[in-house]
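Engineer: when you get a sec, could you give me coordinates for this:
(one chain, ligands or ions: 2)
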Amino acid sequence: MLRVGVNGYGTIGKRVADALAAQPDMKVAGVAKRTPNFEATAAHRAGYAVHAVGDAAPFAEADIPVAGDLDDLVAVSDVVVDCTPAGVGARNREVYEAHDTPALYQGGEDAEAVGASFNARANYDEIARGDAEHVRVVSCNTTGLSRVLTPLAEAYGVEKTRATLVRRGGDPGQSDRGPINDILPDPVTVPSHHGPDVNTVLPDLDIDTMGVTVPATLMHLHSVNVTLESDVDAEAIRETLADESRIFMVPEHARVAGPGHLKELAKDAGRPRGDLWENCVWEESIATEGRDLYFFQAIHQESDVVPENVDAIRALVGDADAAESVVRTNRALGVGRFDAPTDRVATTGGAAASADD
Ligand SMILES: NC(=O)C1=CN([C@@H]2O[C@H](COP(=O)(O)OP(=O)(O)OC[C@H]3O[C@@H](n4cnc5c(N)ncnc54)[C@H](OP(=O)(O)O)[C@@H]3O)[C@@H](O)[C@H]2O)C=CC1
Ligand SMILES: O=C(OP(=O)(O)O)[C@H](O)COP(=O)(O)O
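Structural biologist: Ligands and ions are numbered 1, 2, ... in the order given. Purely as a prediction, here's the structure:
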């Protein structure tokens with residue numbers, strides 16, 4: 001049983017902790033946080049040992065028992081998943097190294113500084129075979145691009161990818177970043193950092209990306225053009241992507257217009273926090289013109305990296321291979337499954353859809 005510490009219990013950290021707790025081969029050794037806010041209370045109520053980073057007194061005032069400090073958490077962890085804000089993880093590395101404890105970092109950390117980057121579909125085996133002790137799980141947009149481009153490259157060869165990322169302005173809970181009322185080239189420099197970030201896990205891929213930030217919070221939206229190495233028809237692409245466990249092929253009959261509907265679908269299906277761990281690719285958007293492929297996909301930035309963190313732990317210290325880990329992670333979380341009535345609509349058309357047709 002792998003004991004995993006989670007340092008930083010916010011948007012990503014709390015989701016990673018819950019995903020780890022669901023795994024048959026892992027347990028949450030504890031979580032660390034600086035301030036005893038509502039999330040710290042929720043962590044305590046979820047049964048996670050709460051460790052205080054810095055002054056522990058405010059936790060006592062908030063009736064949150066403290067199991068120790070960050071050092072104490074690392075001492076009882078086989079692996080630590082750092083989910084602190086961008087750039088903070090790099091500062092925590094020395095604590096993990098002092099305990100000789102392998103650690104995962106998130107996409108906000110500098111790829112060069114961490115040294116190795118991870119995406120289960122793109123490079124699980126490379127990380128598992130390697131000797132990296134500190135690995136960065138690539139960010140949500142890079143996760144979404146890597147997951148879809150890897151199978152396309154494997155099946156057809158990819159000559160060039162061009163993607164425009166319409167990025168949400170901030171997460172629903174990030175009120176300090178709003179209110180937002182603009183449309184920004186972001187970054188205004190082209191290509192954006194996303195292409196090189198994809199190259200940290202797919203080094204040979206020729207990809208250019210552009211970023212735009214908009215007044216939205218629910219999901220990112222990608223407009224993707226891939227020039228393949230051979231002519232292909234849209235049906236073959238649909239079949240290839242439908243085989244990917246972490247790609248949800250949004251069917252036309254579901255009448256999903258955008259992230260608003262997708263989040264409703266996830267909540268109706270009883271997903272925790274309305275999370276969508278999968279890339280959401282609109283089936284009807286898939287179009288081909290000779291060797292050129294076009295499609296739209298939506299990425300739930302708060303959760304698509306969560307199963308990746310679970311797999312990255314096994315790649316780092318576990319004994320499972322890529323296929324085993326992904327199956328185990330997906331099964332424990334319910335990735336690719338929508339249990340409520342929407343499941344019938346999403347997969348087979350079901351009674352609801354036929355009534356509408
Ligand atoms: N949100 C997103 O859309 C995505 C974020 N990421 C990446 O994930 C990482 C975390 O982001 P996110 O979860 O959104 O950030 P949040 O701000 O939501 O959460 C950060 C957490 O870390 C805690 N924290 C802050 N400083 C420290 C510290 N020194 N030690 C321990 N805990 C600390 C914060 O609470 P407190 O201050 O109370 O301790 C909070 O619990 C970043 O690298 C980000 O780039 C990746 C993909 C998507
Ligand atoms: O979109 C993200 O990063 P990315 O666009 O750099 O891949 C992550 O969701 C983090 O975004 P943020 O830095 O706007 O919180």
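Engineer: so residue 41 is in which element?
Structural biologist: Residue 41 is located in helix 38-45, with elements delineated by DSSP states H and E.
Engineer: what about residue 53, how many residues nearby?
Structural biologist: For residue 53, the count of nearby residues is 18 (other Cβ atoms under 10 Å). Just so you know, the C-beta spots here come from the backbone N, C-alpha and C atoms, and that holds for glycine as well.
Engineer: before we move on, what about residue 48?
Structural biologist: 22.
Engineer: same question, residue 202
Structural biologist: Using other Cβ under 10 Å, residue 202 has 24 neighbouring residues.
Engineer: the following helix or strand past the helix holding residue 41: how far from the chain's middle?
Structural biologist: Beyond helix 38-45 in the direction of the C-terminus, DSSP H and E gives the next helix or strand as strand 50-52. Distance, stretch centre to chain centre, for strand 50-52: 25 Å (Cα atoms, centre = their mean, to the nearest Å).
Engineer: residue 301 touches residue 141, doesn't it?
Structural biologist: Yes: if you go by Cβ atoms under 8 Å, residue 301 and residue 141 touch, sitting 7.5 Å apart.
Engineer: who touches both of those two?
Structural biologist: residue 220 (Cβ atoms under 8 Å, 6 or more residues apart in numbering).
Engineer: burial of the nearest residue to residue 160 once chain neighbours are set aside, as a residue count?
Structural biologist: Using Cβ to Cβ, 6 or more residues apart in numbering and skipping the chain neighbours, the partner closest in space to residue 160 is residue 227 (4.5 Å). Applying other Cβ under 10 Å, we find 16 residues neighbouring residue 227.
Engineer: what pLDDT does residue 227 get?
Structural biologist: Looking at residue 227, its pLDDT reads 98.
Engineer: what residue lies at the spatial centre of the protein?
Structural biologist: Most central in the chain under Cα atoms, centre = their mean is residue 305, positioned 1.4 Å from the mean C-alpha point.
Engineer: tell me how far that residue lies from residue 117.
Structural biologist: 12 Å (Cβ to Cβ, to the nearest Å).
Engineer: what residues are shared contacts of those two?
Structural biologist: Joint contacts of residue 305 and residue 117 (Cβ under 8 Å, 6+ apart) are 137, 138.
Engineer: low-confidence ranges, the protein, go.
Structural biologist: Applying pLDDT under 70 to the chain flags residues 340-357.
Engineer: quick check: residues of the stretch 251-357 of the chain near ligand 1?
Structural biologist: Within the stretch 251-357 of the chain, the positions near ligand 1 by Cβ under 6 Å from any ligand atom are 301, 302, 305.
Engineer: longest helix anywhere in the protein?
Structural biologist: helix 140-156 (DSSP state H).
Engineer: just to revisit the earlier point, name the SS class of the residue nearest to residue 160, please.
Structural biologist: strand (DSSP: H, G, I helix; E, B strand; the rest coil).
Engineer: so it sits against residue 289, correct?
Structural biologist: No: using Cβ under 8 Å, residue 227 is not in contact with residue 289; the gap is 10.0 Å.
Engineer: tell me the contacts of residue 285?
Structural biologist: Neighbours of residue 285 in contact, by Cβ under 8 Å, 6+ apart: 294, 295, 296.
Engineer: residue ranges for the helices of the stretch 1-150 of the chain, please.
Structural biologist: 11-21, 38-45, 57-61, 70-75, 88-98, 111-114, 120-129, 140-156 (DSSP state H, counting those that start in this stretch).
Engineer: who wins for proximity to residue 29 among the ones you listed?
Structural biologist: Checking the helices of the stretch 1-150 of the chain against residue 29 by Cβ to Cβ gives helix 70-75 as the closest, at 6.6 Å.
Engineer: domain assignment for the protein?
Structural biologist: Domain assignment for the chain, taken from automatic domain parsing, gives 2-138+305-351, 140-299.
Engineer: re earlier: would you check how far apart the residue nearest to residue 160 and residue 153 are?
Structural biologist: Counting by Cβ to Cβ, the gap from residue 227 to residue 153 is 12 Å.
Engineer: can you check residue 304 too?
Structural biologist: 19 Å.
Engineer: more neighbours: the two, which one.
Structural biologist: residue 304 (26 against 19).
Engineer: and the residue of the stretch 201-350 of the chain closest to ligand 2?
Structural biologist: Closest contact between the stretch 201-350 of the chain and ligand 2, by Cβ to the nearest ligand atom, is at residue 301 (3.7 Å).
Engineer: is stretch 267-279 positioned near ligand 2?
Structural biologist: No: judged by Cβ under 6 Å from any ligand atom, stretch 267-279 makes no contact with ligand 2; its nearest approach is 13.5 Å.
Engineer: ok now that stretch, how far from the chain's centre?
Structural biologist: With Cα atoms, centre = their mean, you get 13 Å for stretch 267-279.
Engineer: how long is it end to end?
Structural biologist: 16 Å (Cα to Cα, to the nearest Å).
Engineer: can you pull the buried residues of it?
Structural biologist: For stretch 267-279, the neighbour count (16 or more other Cβ atoms under 10 Å) marks 268, 269, 271, 272, 273, 274, 275, 276, 277, 278, 279 as buried.
Engineer: state the distance from the second one to residue 301.
Structural biologist: Taking Cβ to Cβ as the measure, residue 269 and residue 301 are separated by 19 Å.
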